[in-house]
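J.: Would you be able to build a 3D model of this:
(one chain, ligands or ions: 3)
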Amino acid sequence: MGYDAKIMRRARARFEDDKQRRAEMCAERRRTVYARIPRIEEIDTTLRATVSRIIASALRRGTDPRPPLAALEQENLSLRREKAELLVSNGFSADFLDEKPNCRVCNDSGYDGQYVCRCLQEYYSREQNAELSHMLDLGTQTFDTFSLDWYDAHDGDGNKPSSREAMQKVYRAAREYAETFGPDSGNLLFSGEPGLGKTFLSASIARVVSDEGFSVVYDTASHIFSQFEAYKFNRENEYEDDAQSDIHRIMNCDLLIIDDLGTEMTTSFVQSTLYQIVNTRLSGKKTIISTNLDPKEIGPRYSPQIASRIEGEYRILPFFGKDIRQLKRQRR
Ligand SMILES: Nc1ncnc2c1ncn2[C@@H]1O[C@H](COP(=O)(O)OP(=O)(O)O)[C@@H](O)[C@H]1O
Ligand SMILES: [Mg+2]
Ligand SMILES: [Zn+2]
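T.: Ligands and ions are numbered 1, 2, ... in the order given. Prediction:
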């Protein structure tokens, strides 16, 4: 998966902090118990000492440590039983001092073989959501707060569905896209006038996909183009690393959401950059583009190649209705 190195570093730092905190809590428990029940400290010392003594002597003699360890098992068993009984009779749970890993899949390493374990992914999602929240309202713009009431239910006729019916389809498609996001997902094009909920649904999708552990980048088209421009023109200077990592995350994240395509100045640099992004990401990475343009305008404005990529590889979701920003102002 296309994790962003900067976000992953932050996630790992939090992950290690929590692990450290758990270890300290465990040590604290042990101190408490040893102070109250000294016999338990004795038992623990014996248990540790015998096991390491047997392994050391087997290593010295070059023999298999397993038979003597098995013999010892019996004795240790009764020590462990005594320890558990002492704990319980003093009001602790029998496993109060057991060091259980927080995650049994990865034993708190954060990695399940070569893959990032689900437990570390959760830390990644949290850091990523903090990052996404700089630009999107992940807290209140969710599938559950998206309301169809803002879309007219009576502006349809025999040939054309009402805005509400049309938007219900868009909503369902967006929700299903988010909830089933994965390697087999396609790409989406949100097209429609300003104020119809394109950014709202983008935020809703970003949240769900991020919570699933995928890497998600959201940005406006004009900002993305200016990042590519900075990279192109600053290659030799000190900002190279930053610009390069911006480009890397735009190109490699699992889901890229490009908002407000069409509001930027169309230059030949913009045309070729958009083609580069769309085309490169078609090999396995998913993209959502939001635009005020009519899909028919994309060819003339950018290039026939981009238009044909979008036509072939994107599901086009047209948005309908009246500017909700204005409607909300009028109702106040
Ligand atoms: N379905 C909806 N339910 C409630 N509020 C909405 C809905 N769609 C949009 N809004 C609100 O209307 C405003 C414009 O929506 P936005 O998603 O920014 O539109 P767009 O990106 O299409 O221009 C925002 O304040 C948003 O919270
Ligand atoms: Mg918008
Ligand atoms: Zn794990």
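J.: where along this structure do the helices fall?
T.: 5-36, 38-61, 66-89, 118-132, 163-179, 198-211, 221-233, 240-252, 268-281, 295-301, 304-313, 324-331 (DSSP state H).
J.: Give me the angle between the first one and helix 240-252.
T.: This points to helix 5-36. Relative orientation of helix 5-36 and helix 240-252, computed by axes from the mean of the first three to the mean of the last three CA atoms, to 10 degrees: 90 degrees.
J.: Can you list the low-confidence ranges for the stretch 201-332 of the chain?
T.: Low-confidence segments of the stretch 201-332 of the chain, defined by pLDDT under 70, span residues 235-241.
J.: Point me to the residue of it nearest ligand 1.
T.: Taking CB to the nearest ligand atom, ligand 1 has its nearest neighbour within the stretch 201-332 of the chain at Ile324, 3.6 Å off. (Each C-beta comes from the backbone N, C-alpha and C, glycine too.)
J.: Can you give me the neighbour number for that residue?
T.: In terms of burial, Ile324 registers 16 neighbours under the definition other CB atoms under 10 Å.
J.: Touching, it and Gly197? I think so.
T.: Yes: contact status for Ile324 versus Gly197: in contact at 6.4 Å, counting by CB atoms under 8 Å.
J.: Grab the nearest non-local neighbour of Ser215.
T.: In space, and not counting its chain neighbours, Ser215 is closest to Cys253: 4.4 Å by CB to CB, 6 or more residues apart in numbering.
J.: Give me the neighbour count for that neighbour.
T.: The burial count assigned to Cys253 is 24, neighbours taken as other CB under 10 Å.
J.: if we can go back for a sec, winner for burial among the helices of the chain?
T.: With neighbours defined by mean count of other CB atoms under 10 Å, none of these is more surrounded on average than helix 198-211, at a mean of 23.
J.: Contacts for that one, please.
T.: For helix 198-211, the surrounding residues in contact (CB atoms under 8 Å, 6 or more residues apart in numbering) are 125, 128-129, 132, 136-138, 141-143, 146, 170-171, 174-175, 177-179, 181, 190, 192, 216, 218, 254-255, 257, 259, 288, 290, 319.
J.: about what we covered before: can you list residues touching both of Ile324 and Gly197?
T.: Overlap of the contact sets of Ile324 and Gly197 (by CB under 8 Å, 6+ apart) consists of Trp150.
J.: Good, we can wrap up now.
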